[in-house]
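Undergrad: My questions are about this predicted structure, shown below with the sequence.
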Amino acid sequence: MSGKREVEFRFLAEPTHVNFGGKVHGGMVMKWIDQVAYACAAGWSGLYCVTISVGTIRFRRPILVGHQVELIARIVYTGNTSMHVLVQVRSGDTKGGDMLETNHCIISFVALDAEGHTAAVPAWVPQTEEDKFLQAYAVKTKAFSQEVEQNMLDFYQETHQ
């Protein structure tokens, strides 16, 4: 059944996650973001979901091997068939210290029915001022993404005729 708005993953950053610089590879972080956001979207909708966009991803600080990693995903906006999920990534030393934000982004999903067609999702209604702010942020992110996509389409139509 649907309705779970927030999902958290916690684990240790392992040596197999690192790049040549000795820090966790950005592509690995993006994979984790997609996985936790999928779990959130599927949990909310009760349906299979597919990623349709990842917007405004920010890499603020590196994640070190052996640090605890925490990903928090929560629904911040719903359309008729889509869900927009805010993902915050934090990491910190397991021996103490603060968990600091390393990344955040909005990732969007569409729900699909058993035949692979888009399916309606339960509406999410903001309850707090923070919820309202995050919903407005998601709406702005969506509009910006659509504008950028249209600009690219226009450019390619003009230059590849």
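TA: Thanks, I have it.

Undergrad: hey, what's the residue positioned nearest the centre of the chain bridged with?
TA: By CA atoms, centre = their mean, the chain has its centre lying nearest to residue 107, at 3.5 Å. Note on residue 107: beta-bridge partners by DSSP bridges are residue 54, residue 85.

Undergrad: how about it, what does it touch?
TA: 33-34, 37, 51, 53-55, 84-85, 87 (CB atoms under 8 Å, 6 or more residues apart in numbering). Glycine gets a C-beta too; all of them are placed from N, C-alpha and C.

Undergrad: what about it, distance to residue 76?
TA: Computed as CB to CB, to the nearest Å, the residue 107 to residue 76 distance reads 10 Å.

Undergrad: shared neighbours, those two?
TA: 84-85.

Undergrad: Please enumerate the helices of the chain.
TA: In the chain, the segments counted as helices under DSSP state H are 26-45, 129-159.

Undergrad: can I have stretch 127-141 written out in PDB, keeping just the CAs?
TA: Only the C-alpha atoms of stretch 127-141 are listed here, as PDB (Å, rounded to 0.1, in the frame of the first residue of the first chain):
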ATOM      1  CA  GLN A 127       1.800  20.300   6.200                       C
ATOM      2  CA  THR A 128       4.500  22.600   7.500                       C
ATOM      3  CA  GLU A 129       6.200  25.700   6.400                       C
ATOM      4  CA  GLU A 130       9.300  23.600   5.500                       C
ATOM      5  CA  ASP A 131       7.000  21.400   3.400                       C
ATOM      6  CA  LYS A 132       5.600  24.400   1.600                       C
ATOM      7  CA  PHE A 133       9.100  25.800   0.900                       C
ATOM      8  CA  LEU A 134      10.300  22.400  -0.400                       C
ATOM      9  CA  GLN A 135       7.200  22.000  -2.600                       C
ATOM     10  CA  ALA A 136       7.800  25.500  -4.100                       C
ATOM     11  CA  TYR A 137      11.500  24.600  -4.600                       C
ATOM     12  CA  ALA A 138      10.500  21.400  -6.500                       C
ATOM     13  CA  VAL A 139       8.000  23.300  -8.700                       C
ATOM     14  CA  LYS A 140      10.700  25.900  -9.600                       C
ATOM     15  CA  THR A 141      13.200  23.100 -10.300                       C
END
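
Undergrad: Check what contacts it and list those residues.
TA: Counting by CB under 8 Å, 6+ apart, 55-56, 76-77, 84, 86, 106, 126 sit against stretch 127-141.

Undergrad: Throw the helices of the chain into CSV and include mean pLDDT, thanks.
TA: Listed next are these as CSV, based on pLDDT from 0 to 100:
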stretch, mean pLDDT
helix 26-45, 97
helix 129-159, 90
